[in-house]
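Engineer: Would you be able to build a 3D model of this:
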Amino acid sequence: MGIEIKIALNEGLYLKDPQDSVLGRNIIKHSILLLSDLGFEAFNFKKLSLEIGSTESSVYRYFENKHLVLIYLVSWYWEWVAYLIRINTLNINDPKRKLEIIINCFVSASFENPSIDYLDKSKLHSVIIAEGIKVYRTKDVDEEYGKGYFRNYKQLITTVAGVISEINPTFQYPYALASNLFEMSNNHIYFAKHLPRLTDISVYGNTVDEVEIMLNYFTDKLLS
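Structural biologist: Alright, predicted model coming up:
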């Protein structure tokens, strides 16, 4: 049985929460599919409205622009990963074991199964890998940071950095390591599929075990 879950996100990202209506959920569903198939640059509300059988104006009632759609989807994924970490480390006291579970959550979050029929997590994960960095590599990043758009990412990394500091209180770079573990879990899947000379790992279909092995290797070496 799947996990029933609704993710609470920054209200500044949307004009009307798409999770609360049939049309809104359709917007989420087809935004993910189009972003996965076309990429962010080719994605627009005209194409989206054709896919959902509605009008561009109806999409604009939920989101001001496609950049906020992307932040919304990436933020949803950040919160989903944080949720998995919370429930899977709930009764774990050993920080080393906690970090192993966290790394597993980073790598395997797209395979977990909340009962959300309008959200294809495998496709969303492909969007995170290919497009996720574009949510904050923009000229408006400081203004958007001030609005709290990346607060859930900051909270996720703070949680992981806290576990790293539990393992080795003298380690000087817990936040840098925490953010790098998350970004590496996505970047090296992308590299393996598209730029293989930039990584040492291989990815076959949905088999990403080698990414998890690599991340555990790094943390063992750095924190020992």
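
Engineer: most residues in a single helix of the protein, which one?
Structural biologist: helix 66-88 (DSSP state H).

Engineer: now that helix, how far from the centre of its chain.
Structural biologist: Here helix 66-88 is found 5 Å from its chain centre; the criterion is Cα atoms, centre = their mean, to the nearest Å.

Engineer: got the buried residues for it?
Structural biologist: By neighbour count with 16 or more other Cβ atoms under 10 Å, helix 66-88 contains the buried residues 66-85. For the C-beta atoms, the positions are set from N, CA and C on the backbone; glycine is no exception.

Engineer: Contacts only, for the residue sitting nearest the centre point of the chain.
Structural biologist: The centroid of the chain falls nearest to residue 77 when counting by Cα atoms, centre = their mean (3.6 Å). Contact analysis of residue 77 by Cβ atoms under 8 Å, 6 or more residues apart in numbering lists 109, 124-125, 128, 132.

Engineer: And those, which is closest to residue 155?
Structural biologist: residue 109 (15.7 Å; Cβ to Cβ).

Engineer: roughly how far apart are the residue lying closest to the closest one once chain neighbours are set aside and residue 59?
Structural biologist: In space, and not counting its chain neighbours, residue 109 is closest to residue 81: 4.8 Å by Cβ to Cβ, 6 or more residues apart in numbering. According to Cβ to Cβ, to the nearest Å, residue 81 stands 27 Å off from residue 59.

Engineer: repeat for residue 92
Structural biologist: The spacing between residue 92 and residue 59, counted by Cβ to Cβ, is 42 Å.

Engineer: more crowded one of the two?
Structural biologist: residue 59 (24 against 14; other Cβ atoms under 10 Å).

Engineer: Count the residues that sit near residue 104.
Structural biologist: Count around residue 104 with other Cβ under 10 Å applied: 18.

Engineer: Return the distance of the residue of the chain most remote from its centre relative to residue 98.
Structural biologist: Here the chain reaches farthest from its C-alpha mean at residue 170, the gap being 29.2 Å by Cα atoms, centre = their mean. As defined by Cβ to Cβ, residue 170 lies at a distance of 18 Å from residue 98.

Engineer: Residue 215 too?
Structural biologist: With distances taken as Cβ to Cβ, residue 215 is found 14 Å from residue 98.
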